[in-house]
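In: Starting from these lines, generate the structure:
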Amino acid sequence: MITSSFSGAVYGVNAFMISIEVSIVNGTGLFMVGLPDSAIKESQHRIESVLKQIQYAMPRQRVIVNLAPADIRKEGASYDLPIALSIIHASEQCNLVYLSDYLIMGELALDGILRPVKGVLPIAIEAHKNAFKGVIVPEKNGPEAGIVHKLEVIAVSHITEAIAFLAAKRTIHPIQVDVRKLFETQVGTYEADFADVQGQENIKRALEIAAAGGHNVIMIGPPGAGKTMLAKRLPSILPAFTLAETLETTKIYSVIGRMDNSCGLLPTRPFRAPHHTISDVALVGGGAFPHPGEISLAHHGVLFLDELPEFKRSVLEVMRQPLEDGKVVIARAKFSVEFPANFMLVASMNPCPCGYYNHPEKKCVCSMISVQRYLNKVSGPLLDRIDLHVEVTPVVFEALTSSKQNEASHLIRERVAKARKIQEKRFQDHIELYTNARMSSTMTKVFCPISNTGQKLLQIAMEKLDLSARAYERILKVARTIADLAGNENISELHLAEAIQYRSLDRAGWGK
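Out: Presented below is the predicted three-dimensional model:
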């Protein structure tokens, strides 16, 4: 007898359907074909133990399990449950009448308990696209799959529950998730708040501009000046997640198994801060069977690189294309995978190896050559993609101990959201363009016109401060965002002047 059941596999951040065909013929042994990995091949021992525990038997004939399509490699233990159910049905030990109506996934413990698996959300979405009646998933994966609209999600904790349900001997009510209510109750709750930050008003202003225009930013300052503390609070002033954005980001976390099983959606924009020892593959994604990297985990959020010059040069250089395109393409000989990577880069660095160059009180012990060598660890092409360069100075004692009530993040976020709406209206005819930072050179000329007086101011700044040519467009984009925050349609000389001061590292001779 040949039996078919269905499961799913993840390819990039999307899923496709896998057909599990089981045939029982004369002979002995169990054979798995269709490019299974080691975890799938080892499932026969888990399945045999489980069948014995629940009073069923592994057939004493030749059992052939085919995972189709046969030319795509399958990995992971999520096929345990559908394979076990297919064997039970094919060996006529139980008639599972609804077996082919549901897409099934789950890892089996030796006693039959189901363990959670990765990639449930994209697989559930694929089940809906293929008109399956529903999905059968481990109990802990239920909330994650339940956010897919108009799909029955049957969450089970033990294989016997799945058998009884598919054999029409037990009723299990589908999980009901009100996605919009869940989204509204969870979105926008942050632990860190700008109300806790004493002083550093100029840095808060720079981060507000960065958040409003989606600009990348680098902070340069001595140790203890508050660079990391400020960076951690940046997500709290970004516009609240839209439902489409949170679903897109949640899919990425689902693929690598980073979801909180008690919640089906990511409640806040991600903040990723990898250590400087990270490898190229861990940052951008990849591997033999490609998985998303840190820049994809920061999708629609913030990627924070602390002590930027300490990262390997090769690691920093692989970010150049994703920063420009908002996606990562991992190419292999037989296939290529695309991961979304639309993130804000926030970096911090010391001005020199000892950290005290240009410090108002402490003396720097580094030579000019070592200072320049340290700064040169960050390449020009990478700096070219960072719009705001902010110098951070230590907070004075009076400001640190002040009882002044600081502006809370939600107030800043309101201004940022207002500026984003202006940009959304401006770019409504341009697909996948939402912020000023993503404007091309042509769009910059169209949307960032300046007066003759502004042109002269910019010319003087370029000549007097020895700004590099790459700073020109960045200044215009930042000035456009400053004007949006002010609610002005035109870019004034005041907006340009403020934008010019955020190009510290472009000044010829900075650090000499």
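
In: Identify the residues contacting the closest residue to residue 269 other than its chain neighbours.
Out: Residue nearest to residue 269 in three dimensions, not counting chain neighbours: residue 301, with 4.0 Å by CB to CB, 6 or more residues apart in numbering. Yep, even glycine has a C-beta here, placed from its N, CA and C like the rest. Going by CB atoms under 8 Å, 6 or more residues apart in numbering, residue 301 touches 235, 238, 249, 269, 270, 271, 272, 343, 344.

In: Of those residues, which is the nearest to residue 155?
Out: Comparing those against residue 155 with CB to CB places residue 249 closest, at 23.0 Å.

In: So that closest one sits against residue 266, correct?
Out: Yes. The criterion here is CB atoms under 8 Å, and residue 249 meets it with residue 266 at 5.5 Å.

In: Can you pull the residues that touch both of these two?
Out: Residues touching both residue 249 and residue 266 by CB under 8 Å, 6+ apart: residue 241.

In: what's in contact with the longest helix seen in the chain?
Out: Counting by DSSP state H, the longest helix found in the chain is helix 409-426. Contact with helix 409-426 is made by 190, 193-195, 204, 208, 211-213, 233, 236-240, 434-436, 447, 481, 484-485, 487, as judged by CB under 8 Å, 6+ apart.

In: After it, which helix or strand is next? Please name it.
Out: Using DSSP states H and E, the next helix or strand after helix 409-426 towards the C-terminus is helix 441-447.

In: Buried residues, stretch 53-60. List them.
Out: 53, 56, 58, 59 (16 or more other CB atoms under 10 Å).

In: what's the first-to-last distance across it?
Out: 17 Å (CA to CA, to the nearest Å).

In: now swap in stretch 254-269 and tell me
Out: Distance between the two ends of stretch 254-269: 15 Å, counting by CA to CA.

In: buried sites along that stretch?
Out: By neighbour count on 16+ other CB under 10 Å, the buried set for stretch 254-269 is 254, 255, 256, 259, 264, 265, 266, 267, 268, 269.

In: which residues does residue 460 contact?
Out: Residues near residue 460 by CB under 8 Å, 6+ apart: none.

In: residue contacts, the residue nearest the centre of the chain?
Out: Residue closest to the average C-alpha location in the chain (CA atoms, centre = their mean): residue 297, at 2.4 Å. Taking CB under 8 Å, 6+ apart as the contact definition, residue 297 lies against 252, 253, 256, 258, 270, 272.

In: same question, residue 117
Out: Shown in contact with residue 117 (CB under 8 Å, 6+ apart): 76, 77, 78, 105, 106, 107, 137, 138, 141, 257.

In: try 10 Å this time
Out: Residue 117 makes contact with 7, 76-81, 105-107, 123, 137-138, 140-141, 254, 257 under the criterion CB atoms under 10 Å, 6 or more residues apart in numbering.

In: what do you get for residue 222?
Out: With contact set as CB under 10 Å, 6+ apart, residue 222 has these partners: 350-352, 354-362, 364, 392-394.

In: Only the buried members of these: can you turn that into a ChimeraX selection?
Out: This is the ChimeraX syntax for the buried subset of the contacts of residue 222, where burial follows 16+ other CB under 10 Å:
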select :350,351,352,354,355,356,357,359,364,392,393,394
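
In: Residue 440: which of the contacts of residue 222 is nearest?
Out: The closest of the contacts of residue 222, once distances to residue 440 are taken by CB to CB, is residue 392, at 30.8 Å.

In: mind listing what's buried in the helix or strand hosting residue 382?
Out: Taking DSSP H and E as the criterion, residue 382 maps to helix 380-383. Neighbour counts using 16+ other CB under 10 Å place 382, 383 of helix 380-383 among the buried residues.

In: which intervals of the stretch 351-500 of the chain have sub-threshold pLDDT?
Out: 397 (pLDDT under 70).

In: So which of the contacts of residue 297 are in helices?
Out: Going by DSSP H, the helices hold 252, 253 from these.

In: Dump the contacts of residue 297 into CSV; add pLDDT and distance to residue 89 as well.
Out: What follows is the contacts of residue 297, written out as CSV (pLDDT from 0 to 100; distance: CB to CB, whole Å):
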residue, pLDDT, distance to residue 89
252, 92, 35
253, 91, 34
256, 88, 32
258, 81, 34
270, 92, 42
272, 95, 44
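
In: Buried residues in stretch 334-343, which are they?
Out: Neighbour-count burial for stretch 334-343 flags 337, 338, 339, 340, 341, 342, 343 (criterion: 16+ other CB under 10 Å).

In: still on that earlier bit, check the residue nearest to residue 269 and give its pLDDT.
Out: Listed pLDDT for residue 301 reads 93.

In: Also the one 5 residues further on?
Out: Predicted confidence (pLDDT) for residue 306: 94.

In: Can you report phi and psi for it?
Out: Main-chain dihedrals, residue 306, degrees, to the nearest 10: phi -80, psi 140.

In: Correct me if wrong, but residue 339 is in a strand.
Out: Yes. With DSSP: H, G, I helix; E, B strand; the rest coil as the criterion, residue 339 is part of a strand.

In: Quickly list what it is bridged to.
Out: Assessed by DSSP bridges, residue 339 has beta-bridge partners residue 328.

In: residues in contact with it?
Out: 12-13, 252, 255, 284-286, 290-293, 295-297, 299, 322, 327-330.

In: List the ones among the residues you listed that fall in helices.
Out: Using DSSP H, the subset of these located in helices is 252, 255, 284, 295, 296, 297, 322.

In: Compute the distance between the residue lying closest to residue 427 once chain neighbours are set aside and residue 321, please.
Out: Using CB to CB, 6+ apart and skipping residues adjacent in sequence, the residue nearest residue 427 is residue 433, 4.4 Å away. As judged by CB to CB, to the nearest Å, residue 433 and residue 321 stand 18 Å apart.

In: again with residue 363
Out: The gap separating residue 363 from residue 321 is 41 Å, by CB to CB.

In: And for residue 95?
Out: From residue 95 to residue 321 the distance is 54 Å (CB to CB).

In: okay, those two: which has more neighbours?
Out: Between residue 95 and residue 321, residue 321 has the larger neighbour count (other CB atoms under 10 Å), namely 15 against 11.

In: Counting neighbours, what do you get for the closest residue to the more buried one other than its chain neighbours?
Out: Distances taken as CB to CB, 6+ apart place residue 328 nearest to residue 321, at 7.7 Å, with adjacent residues excluded. Per other CB under 10 Å, the neighbour tally for residue 328 reads 24.

In: Correct me if wrong: residue 328 contacts residue 298.
Out: No. In this structure, residue 328 is not within contact of residue 298 by CB atoms under 10 Å, at 11.4 Å.

In: Can you pull the residues that touch both of those two?
Out: 292, 341.

In: Against residue 392, how distant is the residue nearest to the centre of the chain?
Out: Distance, residue 297 to residue 392, by CB to CB: 26 Å.

In: likewise residue 411?
Out: For residue 411, the distance to residue 392 - CB to CB - is 22 Å.

In: Then residue 42?
Out: Look at residue 42 and residue 392: by CB to CB, they are 53 Å apart.

In: ok, now residue 142?
Out: For residue 142 relative to residue 392 (CB to CB), the value is 46 Å.

In: Kind regards, and thank you for your time.
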